[in-house]
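I'd like to go over a predicted model; first the sequence, then the structure.
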Amino acid sequence: MDYTWHYDSPLGGMTLASNGEALVGLWFDGQRYFAEALDAEHQEEMLPVFDDTCRWLDIYFSGKNPDFTPKLNMRTSAFRKRVWEIMLTIPFGQTMTYGEIAAQIAKEKGLKKMSAQAVGGAVGHNSISLIIPCHRVVGANGSLTGYAGGIDKKVRLLQMEKALSNKL
């Protein structure tokens, strides 16, 4: 059984989901692919992982980089999981391009190249927003392409992290 909890962020409501042990989902309410990783049968209940996640979110929305990560369980394919793991390495206040992620995966797999569009699909389906920082992934020319929570939220998050440069 899955469990949910609600968090009121400065950018709107967020839904947290857990399998009882780890965080499996964190979405802005109503975002694209909302609750994609959530079991149809679930109940609202405060759990220790939600307490940790709410503490992480409080620190994050205060403009600071949390020094811990709640326990995560990535319910996804092996390819998407690898993309999400790479996103976890993007430092607070910095960005990475879809192409850079694709190049890293291609190198790991011994391929000449990997599709940045395939990476984009994996980034877009990230079910643990903010903690797995898909908002830090930008287009090749620094453009602020797609964000399941909306480009307006992506801009605000990057501004909060002071990650917006003149090239973005």
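Cool, got the structure.

State the distance from the residue minimising distance to the centre of the chain to residue 69.
Nearest to the mean C-alpha position of the chain, by C-alpha atoms, centre = their mean, lies residue 129 at 2.9 Å. The gap separating residue 129 from residue 69 is 14 Å, by C-beta to C-beta, to the nearest Å. Heads up, the C-betas are built off the backbone N, CA and C, glycines and all.

The closest residue to residue 128 other than its chain neighbours pairs with what?
Distances taken as C-beta to C-beta, 6 or more residues apart in numbering put residue 26 closest to residue 128, at 4.9 Å, once the chain neighbours are dropped. Beta-bridge partners of residue 26, counted by DSSP bridges, are residue 16, residue 128.

Distance check, residue 26 against residue 97.
23 Å.

Compare the two (neighbour count), which wins?
Shown here are residue 26 and residue 97; by other C-beta atoms under 10 Å, residue 26 has more neighbours (24 against 18).

Check that one and give its pLDDT.
For residue 26, the pLDDT comes out at 96.

so what does the longest helix seen in the chain touch, helix or strand wise?
As assigned by DSSP state H, the longest helix anywhere in the chain is helix 48-61. Helix 48-61 sits against strand 2-9, strand 12-18, strand 23-28, with contacts defined as 3 or more C-beta pairs under 8 Å, 6 or more residues apart in numbering; DSSP states H and E.

Sounds good, over and out.
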